[in-house]
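Trainee: kindly return the folded structure for what I paste below:
(chains A and B, ligands or ions: 2)
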Amino acid sequence: MSVAEIAPALPRRRKVRVWTVLRWMLAFFIALIAILPVWWMVNVVFSNPGEPVSINPRLYPTSFQDGIDKIYMIFTETDYLHAYLISLLYALFTIAGVLLFGSMAAFEFALFDFPARRILFAIIMLSLMVPAAVTIIPTYLLTAQLGWLNTMQGLVVPGLASAFGFFLLVQFMRSIPRDMIEAARLDGASHFQIYWHVVLPLSRNALITLAILTFMQTWGNYMWPLIVAPSPHMYTVGQVVGLFNSPYSHQTVDVVMTANLLAAVPPLIFFLIFQRRIVEGIAMSGTKG
Amino acid sequence: MAFLDINSVTKTFGPVQVLEDVNLSIERGEFVVFVGPSGCGKSTLLRMISGLEEVTAGTIAIEGEVLNDVEPAQRGAAMVFQSYALYPHMTTAQNMSFGLRMARKAKSFIRARIDEAAGILRLEALLDRRPGQLSGGQKQRVAIGRAIVREPRVFLFDEPLSNLDAELRVRMRAELMDLHRRLGTTMIYVTHDQVEAMTLADKMVVMHAGKVQQAGRPLTLYDDPDNRFVAGFVGSPTMNFIPAKVAGADASTVRLSAIGGTAEGALAFAGFDSAVATVEIGVRPEHMRVLADGESTDAPVVLDADVVLVEELGDVTYVHLHLPDGTRLIARAERGLDSHEGRMRVVPDMKRALLFGPDGARLRPAAWTAAA
Ligand SMILES: Nc1ncnc2c1ncn2[C@@H]1O[C@H](COP(=O)(O)OP(=O)(O)OP(=O)(O)O)[C@@H](O)[C@H]1O
Ligand SMILES: [Mg+2]
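Mentor: Numbering: from 1, shown residues only, chains lettered A, B, ... in the order given. Ligands and ions are numbered 1, 2, ... in the order given. Purely as a prediction, here's the structure:
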C-alpha cells in the first residue's frame, strides 16, 4: 500500500472502525452459517433420540452415551467400516497417482523444452474447461470395457491424470531456477535423479498442497463411485451415507445424522491438522491457477 | 596443441548469431578471464565449454579430446554459478557431495573429499547448515567447494562474485587467486568487470559482439591493444580517443591536422598507409599532461580544451575536458590544480599515443608489427 493510500485514511479513523466492525460481523455470520450444520449434527447425534427436534429443542448435546451407542450400532450393524477402508484406499491411491504422474509431467513441461510442448500444454489446460458431466459417460464406457466396474482400479485410475494438479505443479516448478537444474546436470545427476533428488524435494510444499486438495476431493466424490462401483462390496463412505439418506431408508433422523457425522469426521480432522496448508493451497491455486 | 582448444566455434540461437568464429587456446593451469560488455556471449562460451549449451559449429577439445558430444558431467569441468545454485534442501556437506553421491562413490571416499575441500575453504563449521543459513560469501565458498570435490580438469566461473558487496568481492578475489595457486587447476572466469579481469587473469580474453577481440596478458592488452574496443575497454578511466585528419605521411612520420577540431602535429610512425584519411589518436589519461598557466612547451601537439569537471580523489585528480570539436577527454593531473575552471592546455604524450583507423582497427607502425 502506498503512502498516498494510507495518508487520507488517518483523519477518517471512525469510519474505518465502523467498517472493521461490519467486516467482523459479516465474517462471524459466515462462520456461523458454516458451523451450524456441523454443530446441529453433533447435537442430534449426542442426545436422547428425538430431543433436539422436540417441541422444546435444545442447541447443545445432552447425552454422550447415546451418541456412542449410535456410532457403535452403525459400525457393527452396517458395512460402514468397510466403506471407510474403501474410501481411504481410494483417496490414498488417487493421491499417490496424482502426485506421481502430475509431478513427472510437470517436471518435463516446466523445466525442459521439447517439440509441441506448448500445444500439448494448451490441450491439457483445455481439458480443465470441460465439465465433468461431459466426460463422465465416455470415461464410464471405457472403464466398463476394461472390465473395471466394481474394482479399485476402476475407481482410481480415471482420476490419476489431474489437469489441475499438473497445472499447480507446473506453476510451482517454473519458479525453480534453471541454474539449479544445470548444476545437478554438471554434478552428473541423470534425468531421473534430477527429478527425484532435486525437483521433488524442492516442490514439497506444492506436493503437500496438492495431496490435501486431492484428499478432500476424492473423499467428497460421490458421483464417480456411484456410477463405476455400484456393488455393495465397493461402497465408499459417500455411497453408504447416500443409502442412509435415501427416501426408502428406514432409519430415524438421529441414526442418519450419525452416519453423516462419521463421514464428515475424517475431512474435519484432516482440516484441523493441515488448516494452514489448506488455506495456503487454496490461495496458491487461486492466484496462480 | 594446448590444454584446451576452442576451434572456430560458432553459436546461433535460432536466427541470432551469438558467437562468431571463436578461436582460443588455453594452457594447463592458466587463469583465463573472459571479459566484455553485457550480452557479448561470455556466458554462452563458458556454457559451451561446460556442455550445458551445444556448439553450433566448430570444436572444443580438452587434452586433445573433442568434447562436442560428451555429456556435461563427463567433461571434467566444474561450474560455479553467479546465483550459487546451491540445493536449498541440502546441507553444505550434502550440497558438496551431491555429485559424488550420484556417482555412487564410497562413503569414506566422499567424507575424505569433503573434509579436504572444507579445509581449503574454511567451511568445517558450516558443513551441517543449509544454504538459507549462510551468508552470501559463505554460499559462494560452498559453491566453489562443490566444484572442488569433483576434482575437475577445469573450473568454470560465471560472474561468481557479482552478488557480493564490494569489500567482500575484493576479499573473495584474493581467495580465488590463492585457490588457483594451491590447486594449480585451469580456471576460466567470466566477468564484465575489467578491473576484476586485470587482477585475476593470466590470460585475459576481451569479447565484444560475439567475437574475441583480443586475448593475452592483461598488461599486454593494456599497452598494446589490437583495436579501439580493447583499448577503450581495458583501463579505467577509459582511454581518450581524439579524432584527427591525416595531412600527410612519409616513411617515418605522419602529420595530423584538425586534432580534436583545431590542433595540428606530427607523430613518429613508420610506414603509414597513405590511403587512410582519418584516424583516432588513443591516449590514456595518465599520458596527458596538464600545462600550468603560462608554461611554455615544445610538445608536438598541444590541445586547448574547456574544463568540464575536476574530480579530486585524493591520490589522483582527473580533469574532464571538452575539445573544440566536442570530444571529451580525461587527463590525470597533480593534486592542487590551480585553474579549476575555464580553459586549459593539455599535452598528449605522442610517443605513447596509439592510432586507430576509421574501422576501429589499430594502425601499427611497420617496425612494431615485427616486434609484437
Ligand atoms: N537461450 C537463449 N536463447 C536465445 N538467445 C540467447 C540465449 N542465451 C543467450 N542468448 C543471447 O545471446 C547473447 C549472449 O548472451 P550471454 O548470456 O552469453 O551474454 P553475457 O556476455 O554472458 O552477458 P552478461 O554479462 O549480461 O551475463 C545475448 O544477446 C543473449 O540475448
Ligand atoms: Mg553472463
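
Trainee: low pLDDT regions in chain A?
Mentor: Applying pLDDT under 70 to chain A picks out residues A:1-15, A:50-56, A:248, A:281-289.

Trainee: show me what from it comes close to ligand 1.
Mentor: For chain A, no residue is in contact with ligand 1 (C-beta under 6 Å from any ligand atom). Every C-beta, even on glycine, is put in place using the N, C-alpha and C of the backbone.

Trainee: any idea which residue sits dead centre in chain A?
Mentor: With distances taken as C-alpha atoms, centre = their mean, the residue of chain A nearest its centroid is A:M216 (1.8 Å).

Trainee: quick one: contacts for that residue?
Mentor: Shown in contact with A:M216 (C-beta atoms under 8 Å, 6 or more residues apart in numbering or on different chains): A:P267, A:F270, A:I278.

Trainee: among those residues, name the buried ones.
Mentor: Buried members of these, counted by 16 or more other C-beta atoms under 10 Å in any protein chain shown: A:F270, A:I278.

Trainee: can you put the contacts of A:M216 in JSON lines and add secondary structure?
Mentor: As requested, these are exported to JSON lines (DSSP: H, G, I helix; E, B strand; the rest coil):
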{"residue": "A:P267", "secondary structure": "helix"}
{"residue": "A:F270", "secondary structure": "helix"}
{"residue": "A:I278", "secondary structure": "helix"}
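
Trainee: between the contacts of A:M216, which is nearest ligand 1?
Mentor: A:I278 (38.5 Å; C-beta to the nearest ligand atom).

Trainee: pull the contacting residues for the closest one.
Mentor: A:T209, A:I212, A:L213, A:M216, A:F271.

Trainee: figure out how far whatever helix or strand the last one lives in is from the centre of its chain.
Mentor: If you go by DSSP states H and E, A:F271 is part of helix A:253-288. Between the centre of helix A:253-288 and the centre of its host chain there is 7 Å, according to C-alpha atoms, centre = their mean, to the nearest Å.

Trainee: pLDDT below threshold where in chain B?
Mentor: In chain B, residues with pLDDT under 70: B:338-341, B:367-372.

Trainee: at 80 what do you get?
Mentor: B:1, B:293-294, B:336-341, B:366-372 (pLDDT under 80).

Trainee: which parts of it sit against chain A?
Mentor: Residues of chain B lying close to chain A (C-beta under 8 Å from any C-beta of the partner chain) are B:50-52, B:72-74, B:77-79, B:81-83, B:85, B:87-89, B:98-99, B:102-103, B:146, B:150.

Trainee: from those, which land in strands?
Mentor: B:A77, B:A78, B:M79 (DSSP state E).

Trainee: ok, those vs B:Q194, which is closest?
Mentor: Relative to B:Q194, the closest of these is B:M79; by C-beta to C-beta it sits at 22.3 Å.

Trainee: for that closest one, give the beta-bridge partners.
Mentor: When assigned by DSSP bridges, B:M79 has beta-bridge partners B:L156.

Trainee: list the contacts of it.
Mentor: A:E182, A:A183, A:L186, B:L46, B:S50, B:L52, B:A147, B:F155, B:L156, B:F157, B:D158.

Trainee: what about the helices in the stretch 151-289 of chain A?
Mentor: Per DSSP state H, counting those that start in this stretch, the stretch 151-289 of chain A carries helices over the ranges A:152-156, A:163-174, A:178-186, A:191-193, A:200-202, A:204-220, A:223-228, A:237-245, A:253-288.

Trainee: thanks again, I'm all set now.
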